[in-house]
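1. Following is a predicted model, sequence given first.
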Number of protein chains: 2
Amino acid sequence: METVTSIVEMKRAAGSLRREGRTVAFVPTMGALHEGHLSLIREADARADVVVVSVFVNPTQFGPGEDFDTYQRDLKRDSELAEAAGCDIMFAPEVDDMYPVGSVTQVCVSGLTGKLCGAVRPGHFDGVCTVVAKLFGIVRPHLAVFGQKDGQQVAVIERMVADLDMSVEIVRSPTIREPDGLAMSSRNANLSGVERRDAAVLFESLKHVVSRYGAGERNVERVVSEMREMIEARETTEIQYITAVDASTLEDVDELGESVMVALAVFVGTTRLIDNVVLGAE
Amino acid sequence: METVTSIVEMKRAAGSLRREGRTVAFVPTMGALHEGHLSLIREADARADVVVVSVFVNPTQFGPGEDFDTYQRDLKRDSELAEAAGCDIMFAPEVDDMYPVGSVTQVCVSGLTGKLCGAVRPGHFDGVCTVVAKLFGIVRPHLAVFGQKDGQQVAVIERMVADLDMSVEIVRSPTIREPDGLAMSSRNANLSGVERRDAAVLFESLKHVVSRYGAGERNVERVVSEMREMIEARETTEIQYITAVDASTLEDVDELGESVMVALAVFVGTTRLIDNVVLGAE
């Protein structure tokens, strides 16, 4: 595996791969790789000749008071894990190279970004879209793999790619979970013992919806209220939102149905966790 | 020359050209082609294997009350002119295909777009950047040629391309002028006889600055005030702005110098015209 930190060099490598006719699959990450990321890398490896993984803790998608400074950074560990999963080129640019003095361009996917996480993290998705547009410009992948765990993020990226006519296929890869169902996340490492046990209730509440839906329930308010009750029964949890939306358009839905994404954000202690299920897909 | 109206077909053609290793130069236009556009097409033709010209009157860069509805549209005439100048593929998409229901993404180059024309045409450059990003996504050119006549536009596009790491070389092509110096513009056709005569004062005032600069003048206020006097002496003119900025960053400058762009927007009758000179380049 090759590690590239220079943007110019990565562009050159991408140009060569294109000219050689090799297909490139791309997995953008913020590092702190876990089994979830590795499943994306394996998915990428199965679909293309060359796998590029980026590790870049993107400052513009963190808000004031969020965990940019304390976000785990360990490129050596990430490199080893990525290589073992099938990564061919690790791209790890510097913040000052990605955002040189004078850069002012933003990509905004309005409508889809003002709700769910976007409502409580203003500017977050503008930061995500802009950095992903930049990374697509640098890496020029044929396809890019994103985790369904960040369900709003992948919907927003799909929208951006369609709206800006980018020639990149977006692949949604299923959420990878711990044995008790907790979605893999770099932020799980921040949980204390009791918080870690409480955190399992997030997926329990989502599984509950899937099962209620399977039994014929269609009422959104009712299942959300049942989820609230389950989650609030745990000591260390505080719900930020629970919502049911169309998994692609993120529009609110009146009732449960196929392709409805039930999504939540919950503080467990001081750690903010998100998760979702798409009905009919699980 | 081939004419393509389908986005999917244009993408396919662009993909084939890339695979064949042929270089593509792109000239985006809103049609109503004149000698200025044709010079861009000839420039493109001299620099690449294949020249793609788009004709698309982009609704999102027109404000309320502007001339979107009355903008000249004559694809047959434009096709003939473009072909004679060296165009290989004419791309003329439909508005509904470029902006299908549900499209919400915008590319914003903040800072550079709030001044000059951007100050009096709010949202104009967001529309320009978004459509150019889309067209670059569809046509995937190696280089794109823009006219220096729209001096702010080309600076904004250069910024966008740098910020989003797009692999497109931006070529600035000199302003083409009528014998009396009036910059070629599709909107010149809207001028009455007396307005057409008065319009010559725009470039006369800019030439005046170049000559004053050549003679050692560095004071911005003084030359702008002299320009005002010249322009206001004509009956049908009304100045919207006259300004001196860095030609790349569009930042205001304290004094005249190399790479300073002196730019103006003037209503001649009801027709809004723009023009500029870059000092040291003329």
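-> That came through fine.

2. Tell me how many other residues surround the nearest residue to A:Leu116 once chain neighbours are set aside.
-> Spatial nearest neighbour of A:Leu116, excluding adjacent residues (CB to CB, 6 or more residues apart in numbering or on different chains): A:Gln152 at 4.8 Å. Where you see a C-beta, it was placed from the backbone N, CA and C, and this is true even at glycine. The number of residues packed near A:Gln152 is 25, by other CB atoms under 10 Å in any protein chain shown.

3. What are the neighbouring residues in contact with A:Gln152?
-> When contacts are counted by CB atoms under 8 Å, 6 or more residues apart in numbering or on different chains, A:Gln152 is found next to A:Leu112, A:Thr113, A:Lys115, A:Leu116, A:Cys117, A:Gly118, A:Phe125, A:Leu250, A:Ala263.

4. May I see these arranged in TSV, with pLDDT as well?
-> Shown next, in TSV, are the contacts of A:Gln152 (pLDDT from 0 to 100):
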residue	pLDDT
A:Leu112	88
A:Thr113	88
A:Lys115	91
A:Leu116	91
A:Cys117	90
A:Gly118	90
A:Phe125	95
A:Leu250	95
A:Ala263	98
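
5. out of the residues you listed, which is most surrounded?
-> Ranking the contacts of A:Gln152 using other CB under 10 Å puts A:Thr113 first, with 28 neighbours.

6. so the closest residue to it other than its chain neighbours is in which element?
-> Leaving out its chain neighbours, the residue that sits closest to A:Thr113 by CB to CB, 6+ apart is A:Phe125, at 3.7 Å. Per DSSP states H and E, A:Phe125 falls inside helix A:124-139.

7. hmm, who's touching the next helix or strand after that helix?
-> Moving toward the C-terminus from helix A:124-139, the next helix or strand (DSSP H and E) is strand A:143-147. Contacts to strand A:143-147, defined as CB under 8 Å, 6+ apart, come from residues A:23-28, A:36-37, A:39-41, A:43-44, A:47-48, A:132, A:136, A:153-154, A:157, A:168-176.

8. Just want to check the distance between the residue nearest to A:Thr113 and A:Pro93.
-> As judged by CB to CB, to the nearest Å, A:Phe125 and A:Pro93 stand 21 Å apart.

9. that older thread, quick check: the residue nearest to A:Leu116 vs chain B, distance?
-> 14 Å (CB to the nearest CB, to the nearest Å).

10. any idea how chain A splits into domains?
-> Using automatic domain parsing, the domain ranges for chain A come out as A:2-173, A:186-278.

11. Mean neighbour count, those domains: which tops it?
-> Mean neighbour counts were compared across those using mean count of other CB atoms under 10 Å in any protein chain shown; the top stretch is domain A:2-173, at a mean of 19.

12. quick one: terminal-to-terminal distance for that one?
-> Across domain A:2-173, the terminal residues are separated by 25 Å (CA to CA, to the nearest Å).

13. Up against chain B, what does the stretch 151-282 of chain A have?
-> Residues of the stretch 151-282 of chain A found near chain B (CB under 8 Å from any CB of the partner chain) are A:Arg159, A:Met160, A:Ala162, A:Asp163, A:Leu164, A:Asp165, A:Met166, A:Ser167, A:Thr249.

14. Now do the same for the helix or strand where the second one lies: mean pLDDT, whole number.
-> A:Met160 belongs to helix A:151-163 when elements are defined using DSSP H and E. Across helix A:151-163, pLDDT averages out at 97.

15. could you check the angle helix B:124-139 makes with it?
-> Relative orientation of helix A:151-163 and helix B:124-139, computed by axes from the mean of the first three to the mean of the last three CA atoms, to 10 degrees: 80 degrees.

16. For the stretch 101-250 of chain A, which segments are assigned as strands?
-> For the stretch 101-250 of chain A, applying DSSP state E, counting those that start in this stretch gives strands covering A:105-109, A:143-147, A:169-173, A:237-246.

17. and the first one, anywhere near chain B?
-> Spelled out, that is strand A:105-109. Yes: Strand A:105-109 is in contact with chain B by CB under 8 Å from any CB, via A:Thr105, A:Gln106, A:Val107, A:Cys108, A:Val109.

18. pLDDT value on A:Glu282, please?
-> Among the per-residue scores, A:Glu282 holds a pLDDT of 53.

19. let me fix that: A:Leu33
-> In this prediction A:Leu33 is given a pLDDT of 97.

20. Am I right that it sits in a helix?
-> No: under DSSP: H, G, I helix; E, B strand; the rest coil, A:Leu33 sits outside any helix and is assigned coil.

21. residues touching the closest residue to A:Ala119 other than its chain neighbours, list them.
-> Take A:Ala119 and drop its neighbours on the chain: the residue closest to it by CB to CB, 6+ apart is A:Tyr241, 7.5 Å away. Residues near A:Tyr241 by CB under 8 Å, 6+ apart: A:Leu116, A:Ala119, A:Val120, A:Ala263, A:Leu264, A:Ala265.

22. Look up how far A:Val253 lies from A:Tyr241.
-> 15 Å.

23. try A:Gln152
-> 15 Å.

24. Check A:Glu238 too.
-> Going from A:Glu238 to A:Val253 by CB to CB gives 25 Å.

25. just A:Thr5 next, same as before
-> In terms of CB to CB, A:Thr5 sits 44 Å off from A:Val253.

26. Kindly report the same for A:Ile7.
-> For A:Ile7, the distance to A:Val253 equals 41 Å [CB to CB].

27. got it, and A:Ile274?
-> 19 Å.

28. pull the helix or strand with minimum mean pLDDT from chain A.
-> Lowest mean confidence among the helices and strands of chain A (mean pLDDT, DSSP states H and E): helix A:117-120, at a mean of 90.

29. ok, back up a step: with distance to B:Val220 added, can I get the residues of the stretch 151-282 of chain A next to chain B in TSV?
-> Below are those laid out as TSV (distance: CB to CB, whole Å):
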residue	distance to B:Val220
A:Arg159	44
A:Met160	41
A:Ala162	45
A:Asp163	40
A:Leu164	38
A:Asp165	41
A:Met166	42
A:Ser167	45
A:Thr249	50
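
30. Quick check: the two most widely separated of those residues?
-> Within those, two members stand farthest from each other by CB to CB: A:Ser167 and A:Thr249, at 22.4 Å.

31. Tabulate the CA atom coordinates of stretch A:56-63 in PDB.
-> What follows is stretch A:56-63, C-alpha atoms only, in PDB (Å, rounded to 0.1, in the frame of the first residue of the first chain):
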ATOM      1  CA  PHE A  56      -8.900  13.400   6.800                       C
ATOM      2  CA  VAL A  57     -10.400  14.900  10.000                       C
ATOM      3  CA  ASN A  58     -12.300  17.700   8.200                       C
ATOM      4  CA  PRO A  59     -12.400  20.800  10.400                       C
ATOM      5  CA  THR A  60     -15.300  22.400   8.400                       C
ATOM      6  CA  GLN A  61     -17.800  19.700   9.300                       C
ATOM      7  CA  PHE A  62     -17.300  20.200  13.100                       C
ATOM      8  CA  GLY A  63     -19.200  23.000  14.900                       C
END
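
32. Other residues contacting that stretch?
-> The contact list for stretch A:56-63, computed with CB under 8 Å, 6+ apart, reads A:28-31, A:68, A:71, A:73, A:91-93, A:95, A:98-99, A:121-128, A:130-131, A:135.

33. ok, now with 10 Å
-> Residues outside stretch A:56-63 that contact it (CB atoms under 10 Å, 6 or more residues apart in numbering or on different chains) are A:28-32, A:67-69, A:71-73, A:91-95, A:98-99, A:103, A:106, A:120-132, A:134-135, A:153.

34. what do you get for stretch A:10-21?
-> A:2, A:4, A:6, A:22-24, A:26, A:48-50, A:52, A:54, A:88-89, A:91-93, A:135, A:137-142, B:18-19, B:21, B:165, B:167.

35. one step back: output the contacting helices and strands for the least confident helix or strand of chain A.
-> Packing partners of helix A:117-120 (3 or more CB pairs under 10 Å, 6 or more residues apart in numbering or on different chains; DSSP states H and E): helix A:124-139, helix A:151-163, strand A:237-246, strand A:260-268, strand A:271-278.
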